[in-house]
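Trainee: with the input below, show me the fold.
(one chain, ligands or ions: 1)
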Amino acid sequence: MIDLRSDTVTKPTDRMRTAMENAIVGDDVYGDDPTVNELERLAAKIIGKEASVFVPSGTFGNQLAVLTHTKRGDEVILGRGSHIFQHEVGAAAVIAGVQLRLVDDEKGYMSLDDVKEAIRSENIHFPETGLICIENAHSNGMAVSPDKYEEIRKLAKKNKIPIHMDGARVFNAAVSLNVNVKDIANYADSVMFCLSKGLGAPIGSILAGDREFVKKARKNRKLMGGGMRQAGVIAAPGILALVEMVDRLKEDHDNAKMLASKLDEVKGIDVRHDRNDINMVYCTIPKELIKEEKLVKEMKKNGILINGAENEEYRFVTNKDVSSEDLEIFMNVIMELTK
Ligand SMILES: *Cc1c(COP(=O)(O)O)cnc(C)c1O
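Mentor: Numbers count the residues shown, from 1 in each chain. The predicted structure is shown next:
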C-alpha cells in the first residue's frame, strides 16, 4: 500500500528494529533505564533545553505541558487551528481543567495584537492567563520563521506567562527554514516533539524544558499513567530517529513540492502552495470532479490510502516510506479518476 494519510504511518527502519532488540533496559520509573536516559539527554541537547522527558505520544506531551504549566481554571491562549484545540479530544478541559482562549492563526502564527488582547488583566471576574501555546511547524503545513515569535516572547516574559511549543514536526520546520532547531525551540519555555512521525520511530515523543519544569512534568507523567518501565526498547529507535532521520526530511519536503505542482496541473484541483513548506500537501478537489467517499474508496482499490477531506480540504502527507515513483502512481490514479 502507498500510504499518504500521515507520516505517523512510517514503519521503523531495520536499524531501529535491531536497536530495539539489543537495547539495554531498566525500570524507567526508578530512573534506571540507560537507553531512556540517553534519549532524554540527547533530545534535550539537540533541542537546546536543560532536560527532557520521554512520553508515549505527542498528545500526551502537549497535555502534560499544559498540566504542568497551569492550575485549574487558568486560561490558555492558543491558535484556532492548533492541534491542542482541534485534535486532542478536549483533553485540556479534562486533564488540566483549563479553559482555552482561541486566537486567529491562519498565517501559521498568532499576531502580537491578538495575543496582547487575549491576555487577562487582574479582575475578580476573570480567569488568569496561565499559558500561551504556539505550534511549529503548524499543522496547516506552514513552517514559521522563528522571528515571528520575537514580540510574543517579550510580551509573555513581561506578563510572566510561560510559552509551550507544540513542535510535533519541529524538525520539519527546521529543515524547511534551514535553521538550527534550537533557534526555533528558543522561543518557548517548553517544547514537545514527535519521534514517531516523519522521523520513523514506532512510538514516542519528547517534552523538553528547564530542569525544574521537567522534574515537575516527570511526576505529572506518572499521574497521567505515563510512567513506563523497560521503555528502553522504544527509546532505542527514538535515538536513531534523532541521529539518523532528521536530514532526510528534506526528501519528504521535495516530494511534497513535486506532488503539489503535479496536482496543480489537474483542472479543478486547487493546491495551497502557501502552505506547502513541509511534507504536507493541502488541496481542494471539487465534488463535481469526484466525491470524497468515492475518491477514498477508489484510491484504496488502487493500493493507495488517503484520508477524507477535513473542512473540505484534503491533506496528502509524504514520508520516508513513499517514494517519488509511488507519487507518480498516485498522480496517474488521480488523473484517471478525475477526467
Ligand atoms: C501529531 C501531532 C500531535 C500529536 O501527536 P500524537 O502522537 O498523534 O498524539 C500534536 N501536535 C501536532 C501539531 C501534531 O501534528
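Trainee: so what's the residue of the chain found nearest the ligand up against?
Mentor: Evaluated by C-beta to the nearest ligand atom, the chain has G58 as its residue closest to the ligand, separated by 2.3 Å. (Each C-beta comes from the backbone N, C-alpha and C, glycine too.) Residues near G58 by C-beta atoms under 8 Å, 6 or more residues apart in numbering: 83, 166, 168, 192-194, 196-197, 205.
Trainee: narrow those to those in strands?
Mentor: Applying DSSP state E to those, the entries found in strands are 166, 192-194, 205.
Trainee: low pLDDT regions in the protein?
Mentor: Low-confidence segments of the chain (pLDDT under 70): none present.
Trainee: rewinding a little: how about the residue of the chain closest to the ligand, phi and psi?
Mentor: The phi/psi pair for G58 (degrees, to the nearest 10) reads phi -70, psi -40.
Trainee: direction included, what does the one helix or strand C133 maps to pair against?
Mentor: Following DSSP states H and E, one finds C133 within strand 129-135. Strand pairing for strand 129-135, using DSSP bridges, gives strand 75-79 (parallel), strand 163-166 (parallel).
Trainee: the inter-axis angle of whichever helix or strand comes after it versus strand 75-79?
Mentor: Using DSSP H and E, the helix or strand that follows strand 129-135 in sequence is helix 150-158. Orientation check (axes from the mean of the first three to the mean of the last three C-alpha atoms, to 10 degrees): helix 150-158 against strand 75-79 gives 180 degrees.
Trainee: which other helices and strands does helix 150-158 contact?
Mentor: Packing partners of helix 150-158 (3 or more C-beta pairs under 8 Å, 6 or more residues apart in numbering; DSSP states H and E): helix 112-118, strand 129-135, strand 163-166.
Trainee: so which of these is nearest D105?
Mentor: Smallest distance to D105 across the helices and strands packed on helix 150-158 (C-beta to C-beta): 7.6 Å, for strand 129-135.
Trainee: distance between the closest one and the chain's centre?
Mentor: The chain centre lies 16 Å from the centre of strand 129-135; the measure is C-alpha atoms, centre = their mean, to the nearest Å.
Trainee: list the buried residues in that strand.
Mentor: Across strand 129-135, burial judged by 16 or more other C-beta atoms under 10 Å covers 129-135.
Trainee: and the contacts of it?
Mentor: Taking C-beta under 8 Å, 6+ apart as the rule, strand 129-135 contacts 62, 66, 69-71, 74-79, 82-84, 98, 101, 105, 109-110, 115, 118-120, 149, 152, 156, 159, 161-168, 187-188.
Trainee: export that strand to CSV, keeping only CA atoms.
Mentor: Extracted in CSV, the C-alpha atoms of strand 129-135 (Å, rounded to 0.1, in the frame of the first residue of the first chain):
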residue,chain,number,x,y,z
THR,A,129,-3.8,33.6,31.7
GLY,A,130,-1.6,30.6,32.6
LEU,A,131,0.0,29.7,29.3
ILE,A,132,0.5,30.6,25.6
CYS,A,133,0.8,27.7,23.1
ILE,A,134,2.4,28.1,19.7
GLU,A,135,2.9,25.5,17.0
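Trainee: which residue ranges of the protein form helices?
Mentor: With DSSP state H as the criterion, the chain has helices at 14-22, 34-47, 58-69, 83-86, 91, 112-118, 150-158, 170-177, 181-185, 211-223, 232-244, 249-264, 292-301, 324-338.
Trainee: JSON lines please, covering these and showing distance to V317.
Mentor: Formatted as JSON lines, the helices of the chain follow (distance: least, C-beta to C-beta, whole Å):
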{"stretch": "helix 14-22", "distance to V317": "20"}
{"stretch": "helix 34-47", "distance to V317": "23"}
{"stretch": "helix 58-69", "distance to V317": "15"}
{"stretch": "helix 83-86", "distance to V317": "14"}
{"stretch": "helix 91", "distance to V317": "23"}
{"stretch": "helix 112-118", "distance to V317": "29"}
{"stretch": "helix 150-158", "distance to V317": "28"}
{"stretch": "helix 170-177", "distance to V317": "11"}
{"stretch": "helix 181-185", "distance to V317": "20"}
{"stretch": "helix 211-223", "distance to V317": "28"}
{"stretch": "helix 232-244", "distance to V317": "17"}
{"stretch": "helix 249-264", "distance to V317": "8"}
{"stretch": "helix 292-301", "distance to V317": "14"}
{"stretch": "helix 324-338", "distance to V317": "11"}
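Trainee: alright, that wraps it up for me.
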